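Trainee: sequence and predicted structure are below.
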Amino acid sequence: MGAVKIPATDDIGPSLRSTVLVAGSPLAAEVIRGHGLTVIEVSTVQEAMAALWADPIITAVISARSLPGGGGERLAAMATAALGRKIDVVVMPSAGSAHEDPSGTLASLLPRMSMTRQPPPSTELDSLFECLAVAAEHKDNETGQHNRRLGRYAGLLARTIGWSHQRCRIIELAASLHDIGKIGIPDSILFKPSPLTIEERAQMEHHTIAGHQILSAATSPVLACAANIARHHHERWSGGGYPFGLHGAAIPLEARIVSLCDVYDALRSERPYKAGLSHQDAARVLLEGDERTSPDHFDPHVLAAFRQIQKKFDDTFTLLTGE
C-alpha cells in the first residue's frame, strides 16, 4: 500500500480550514488545489479509510468510480459512517465518459467548501469555545476546572497515540464540552449528596443525548468531535456503558480517550460524598481496577498511553485545580 500523503499540520496553521480527500483522481485533486483547498490524495479504498480515521477534519470526499478495494460508491457510504457526521461525497464519472469533467462535476461542491475554508481566526474560535465552556460550567466553578483539565488530559493522550497537532487541538477544545448536556439537569439531581434514585439516574444519563443534540447542529470539526464525545464518553470498551451499550471500536476514538480522562479526574476530585484520591491511587484504579471500575472499560491502546504519560496527568491536575 502506498503512503497516504497527509499535509504537514504546521503548514496549515491553527485555523480549521477545509480539507478534501481525493481518491484515485489526480485531475480532480489539481482542480481542488486550484481553489485554495487542502487536499489529501489516496489511491485505494483502504488508504482512504486510513486517512479518514487519521484526521477527521475532512469536509468532503472526491472519489473515482472505480478504485482498488471497492468502488467510489462503497467508499462514499463508508466515509460518512467513519466520520459520524454529514459529509459531501462526489463520485467522479467513469474514465472515457462523456461527462468526465472534474471542473463541471465539482462546480456545485466547490462553493460550499469555499464558504468554510476561511474560518474565524484562532483567537475568535478560542473565544467561541470558551463561551460554550462557560455555559457548561455555569452552575459551579469545580465543573469549569474539571472541563479544562479534561481538555488538557485529552490532548496529552492524543499526542501520545500519534494524532496530528491540529487534531490534538480539536480534541482539547471539544473535550471541555463533554458534559454540556448537564445544563438541563436540575440542581437537586446534579448536586445530590446521596445516591440517585432509578428515575434520577435515568435523567442524569440523558445528559449524553442532550449534549449531542446541542452540539450536532453545527458542522464545525470541533463541534462534530464534541458532539461525538458528549454522546459516547460514558460508553465502555467492554460494553455495558450508556446511552447505547456500545463496545470496542464502535465507540468513536475521541470518546474513548475522554472516557478515561473523565474517570481519572472523577477519582482525583473531592466531592461532598467522597474524598479525592492521590494520583498513585487513581492510576492504580484505572490500571488494575477496583469495585468501581475495571481496565477493560477502556480502550487498551488508550490505557497504554495513559500508563506511559500518567505523571503528566498528575501535573495537569495540580496545575488546574483550585484556580
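Mentor: Arrived safely. Numbers count the residues shown, from 1 in each chain.
Trainee: for the rest of this, base every contact and every neighbour count on C-alpha atoms.
Mentor: Will do.
Trainee: element containing the residue most central in space within the chain, please.
Mentor: Centroid check for the chain by CA atoms, centre = their mean gives Cys225 as the closest residue, at 3.3 Å. Element membership of Cys225, judged by DSSP states H and E, is helix 221-232.
Trainee: shaky segments in the protein?
Mentor: By pLDDT under 70, the low-scoring segments of the chain are 1-18, 53-57, 80-87, 93-143, 218-219, 322-323.
Trainee: domain parsing of it, as residue ranges.
Mentor: Domain ranges of the chain: 9-116, 122-319, per automatic domain parsing.
Trainee: related to what we said a few turns ago, how many neighbours does the nearest residue to the residue nearest to the centre of the chain once chain neighbours are set aside have?
Mentor: Spatial nearest neighbour of Cys225, chain neighbours left out: Ala174 (6.1 Å); criterion: CA to CA, 6 or more residues apart in numbering. Using other CA atoms under 10 Å, Ala174 has 29 neighbouring residues.
Trainee: so Ala174 sits in a helix?
Mentor: Yes. Assessed by DSSP: H, G, I helix; E, B strand; the rest coil, Ala174 belongs to a helix.
Trainee: residues touching it, list them.
Mentor: Counting by CA atoms under 8 Å, 6 or more residues apart in numbering, Ala174 makes contact with 151, 222-223, 225-226, 229.
Trainee: which of those tops the neighbour count?
Mentor: Going by other CA under 10 Å, Ile229 tops those with 32 neighbours.
Trainee: one step back: the residue nearest to the centre of the chain and Ile171 touch, don't they?
Mentor: Yes. With contacts defined as CA atoms under 8 Å, Cys225 counts as touching Ile171 at a distance of 6.9 Å.
Trainee: now do the shared contacts for those two.
Mentor: Shared contacts of Cys225 and Ile171, counting by CA under 8 Å, 6+ apart, come down to Glu254.
Trainee: run a quick neighbour tally on Asp281.
Mentor: So Asp281, with other CA under 10 Å, has 13 neighbours.
Trainee: ah, wrong one, I meant Glu205
Mentor: Each residue near Glu205 was counted by other CA under 10 Å, and the total is 16.
Trainee: thinking again about what came up before, now the helix holding Cys225, how far from the chain's geometric center?
Mentor: Centroid displacement of helix 221-232 relative to its chain, using CA atoms, centre = their mean, to the nearest Å, is 5 Å.
Trainee: now do stretch 308-319
Mentor: That offset, for stretch 308-319, works out to 21 Å (CA atoms, centre = their mean).
Trainee: tell me which residues in that stretch are buried?
Mentor: By neighbour count with 16 or more other CA atoms under 10 Å, stretch 308-319 contains the buried residues 310, 313-314, 316-317.
Trainee: follow-up on the earlier one: measure the residue nearest to the centre of the chain to Gln203 for me?
Mentor: 24 Å (CA to CA, to the nearest Å).
Trainee: same thing with Thr316?
Mentor: 31 Å.
Trainee: now do Glu47
Mentor: From Glu47 to Gln203 the distance is 42 Å (CA to CA).
Trainee: likewise Arg256?
Mentor: From Arg256 across to Gln203, the span is 23 Å (CA to CA).
Trainee: no more questions from me, cheers.
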